[in-house]
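> Quick one, structure for this:
(one chain, ligands or ions: 2)
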Amino acid sequence: MAKEFVKIFDTTLRDGEQVPGCKLNTSQKLIIAKRLDKLGVDVIEAGFPVSSPGDFKSVVEISNIVENATVCGLTRAVKNDIEVAANALKTAKRPRIHTGIGTSDSHIEHKFKSSREKIIEIGSQAVKYAKTFVDDVEFYAEDAGRTDNEFLARVCEKMIESGATVLNIPDTTGYCLPYEYGEKIKYLVENVKNIHKATISCHCHNDLGLATANSIAGIINGARQIECTINGIGERAGNTSLEEVVMIMRQHPNLNLDTNINSKLLFDTSSLVSEGMGMPVQPNKAIVGANAFAHSSGIHQDGVIKNRETYEIINPLDVGVNESAIILTARSGRAALAYRAKKIGYDLSKNELDLIYPEFLKFADIKKEVSDEDIPHLIKKSL
Ligand code: KIV
Ligand code: ZN
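Residues are numbered from 1 along each chain as shown. Ligands and ions are numbered 1, 2, ... in the order given. Take a look at the predicted model:
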């Protein structure tokens with residue numbers, strides 16, 4: 001059966017850039033936008049044009065240079081926001097306006113001091129107005145994660161009727177459990193009459209560490225777009241991590257879902273964003289962390305040296321990492337020491353290893369990590 005494609009909507013430059021202290025200037029954003037285009041993302045959310053002159057300029061310049069991806073600008077359900085976004089996106093080959101409003105009772109009562117009916121009307125007017133500028137209009141139902149499903153279905157139906165081509169169902173506060181988020185998407189697929197005319201999009205935040213799991217639950221239940229960021233960056237605990245959802249689809253062929261992403265560029269793209277934002281990637285981060293393909297315990301090292309797949313489910317080359325790393329520590333065994341020595345030109349016999357290994361352990365207990373430079377000294381000392 002042919003695979004179905006899930007669109008990757010990258011919001012590194014909008015939601016991702018909301019990380020405190022990590023603001024990018026326009027030229028940094030252009031470098032990242034070019035890279036995202038090369039990576040194969042389907043949509044680049046370039047910014048929130050009405051929010052500042054700098055953001056407006058970035059969206060204009062990104063619109064000028066992006067070759068393949070759709071370029072998207074965020075707005076509130078406010079006429080002026082939509083006009084400003086439409087202006088910023090004028091030169092984009094494939095422009096998209098992303099407009100919307102809060103739909104949970106909490107947002108309706110406290111943020112808007114409004115009613116469900118009025119919110120539907122404001123959202124619908126915003127979609128219709130955005131549609132006068134561009135064909136491709138995405139509607140977000142902010143705090144959809146805590147919005148009553150029956151009301152959310154009514155909102156979605158009305159927005160599609162008004163012209164929305166994509167319906168974004170954000171778990172804005174990262175509250176949902178994967179089965180709840182999955183059921184929400186399923187409910188919309190089954191209860192919104194005109195749902196076949198639009199794509200459902202997952203936009204999950206990571207407040208409980210569930211953003212990736214929730215997005216995957218969403219696509220299993222019928223969503224066909226995921227909104228995510230490189231390294232999972234974003235406000236508070238961040239957004240869904242692009243590299244994680246892409247590799248989950250690749251590593252689980254029975255999901256029968258794939259993306260247009262060139263996964264071999266993932267590691268470099270992660271480094272580019274991390275350096276540009278001055279935001280280090282945690283070493284144990286899935287897929288792109290420094291330790292994602294590093295093995296330091298003797299049992300694991302022995303297994304990986306015999307056959308990489310014993311302890312690795314992803315070939316590092318597939319995500320742009322040259323090779324798995326065998327780290328020499330006091331937990332390493334003879335196999336790891338022999339492997340690393342061989343890599344720098346020392347083919348040690350069993351007897352030689354027996355002599356060097358006790359010296360190696362004493363040294364490793366003092367120095368946390370034994371380097372390539374240390375190995376010749378240990379050999380000289382022991383033989
Ligand atoms: O998290 C959220 O609800 C958002 C919307 C503005 C799309 O980022
Ligand atoms: Zn968000």
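
> tell me the domain boundaries of the chain?
Structural domains of the chain, as assigned by automatic domain parsing, span the residue ranges 4-277, 294-382.

> possible to save those as TSV with mean pLDDT and distance to residue 284?
Backbone N, C-alpha and C define where each C-beta goes, glycine included. Listed next are the domains of the chain as TSV, based on pLDDT from 0 to 100; distance: least, C-beta to C-beta, whole Å:
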stretch	mean pLDDT	distance to residue 284
domain 4-277	98	13
domain 294-382	96	10
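
> just the ones you listed: most buried one?
Among the domains of the chain, domain 4-277 has the highest mean neighbour count (mean count of other C-beta atoms under 10 Å), at a mean of 21.

> can you tell me the distance between the two ends of that one?
The straight-line separation of the ends of domain 4-277 (C-alpha to C-alpha, to the nearest Å) is 34 Å.

> Can you tell me what sits against stretch 55-62?
The set of residues that contact stretch 55-62 without belonging to it, under C-beta atoms under 8 Å, 6 or more residues apart in numbering, is 13, 26, 29-30, 33, 44, 46-50, 71, 73, 84-85, 87-91.

> Mark which of the residues you listed are part of strands, please.
Using DSSP state E, the members of these that fall in strands are 44, 46-47, 71, 73.

> possible to save these as a markdown table with distance to residue 183?
Output for those, formatted as a markdown table (distance: C-beta to C-beta, whole Å):
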| residue | distance to residue 183 |
| --- | --- |
| 44 | 30 |
| 46 | 33 |
| 47 | 33 |
| 71 | 33 |
| 73 | 31 |
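
> From those residues, pick the one nearest residue 102.
Nearest to residue 102 among these: residue 73, at 19.1 Å, using C-beta to C-beta.

> and the residue lying closest to that closest one once chain neighbours are set aside, what does it touch?
Excluding its sequence neighbours, the residue lying closest to residue 73 (C-beta to C-beta, 6 or more residues apart in numbering) is residue 85, at 3.8 Å. Counting by C-beta under 8 Å, 6+ apart, residue 85 touches 49-50, 59, 73-75, 97, 99, 130.

> Which of those sits closest to residue 302?
The closest of the contacts of residue 85 to residue 302 turns out to be residue 74 (C-beta to C-beta; 50.8 Å).

> what sits against that closest one?
Going by C-beta under 8 Å, 6+ apart, residue 74 touches 14, 45, 47-49, 85, 98-99.

> Among these, list the two that are farthest apart in space.
Largest separation among the contacts of residue 74 by C-beta to C-beta: 47 and 99, giving 14.1 Å.

> Residues of this protein that sit close to ligand 1?
Within the chain, the residues that sit near ligand 1 (C-beta under 6 Å from any ligand atom) are 15, 140, 142, 168, 170, 172, 203, 205.

> residue ranges of the helices in the stretch 51-200 of the chain, please?
Using DSSP state H, counting those that start in this stretch, the helices of the stretch 51-200 of the chain run over 53-65, 79-88, 105-106, 116-131, 149-162, 178-191.

> Any idea how far the first one is from the middle of the chain?
Think helix 53-65. 22 Å (C-alpha atoms, centre = their mean, to the nearest Å).

> re the thing from before, closest to residue 348 out of the ones in strands among the contacts of stretch 55-62?
Comparing these against residue 348 with C-beta to C-beta places residue 44 closest, at 51.5 Å.

> is it true that the closest one touches residue 8?
No. Contact status for residue 44 versus residue 8: not in contact, 9.8 Å apart, counting by C-beta atoms under 8 Å.

> And the spatially closest residue to residue 148 that is not a sequence neighbour, how close does it get to ligand 1?
In space, not counting the residues next to it along the chain, residue 148 is nearest to residue 105; the distance is 7.2 Å by C-beta to C-beta, 6+ apart. When C-beta to the nearest ligand atom, to the nearest Å is applied, the distance between residue 105 and ligand 1 equals 16 Å.

> can you check residue 36 too?
Taking C-beta to the nearest ligand atom as the criterion, residue 36 is separated from ligand 1 by 18 Å.

> Can you list the neighbours in contact with the helix or strand containing that residue?
Counting by DSSP states H and E, the element that carries residue 36 is helix 26-39. Residues outside helix 26-39 that contact it (C-beta under 8 Å, 6+ apart): 10, 12-13, 17, 24, 44, 46-47, 54, 57-58, 61-62, 65-69, 230, 261-262, 265-266, 268-269, 272-273, 276.

> Using CSV, list the CA coordinates for it.
Below are the C-alpha coordinates for helix 26-39, written out as CSV (Å, rounded to 0.1, in the frame of the first residue of the first chain):
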residue,chain,number,x,y,z
THR,A,26,16.5,38.9,10.1
SER,A,27,19.8,37.6,8.5
GLN,A,28,19.9,34.7,11.0
LYS,A,29,16.3,33.9,10.2
LEU,A,30,17.1,33.9,6.4
ILE,A,31,19.8,31.4,6.9
ILE,A,32,17.5,29.1,8.9
ALA,A,33,14.6,29.6,6.4
LYS,A,34,16.9,28.6,3.5
ARG,A,35,18.0,25.5,5.4
LEU,A,36,14.4,24.5,6.3
ASP,A,37,13.5,24.8,2.6
LYS,A,38,16.4,22.5,1.7
LEU,A,39,15.5,20.1,4.5
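
> That helix versus strand 70-74: what angle between them?
Note on geometry: by axes from the mean of the first three to the mean of the last three C-alpha atoms, to 10 degrees, helix 26-39 and strand 70-74 are set 130 degrees apart in direction.
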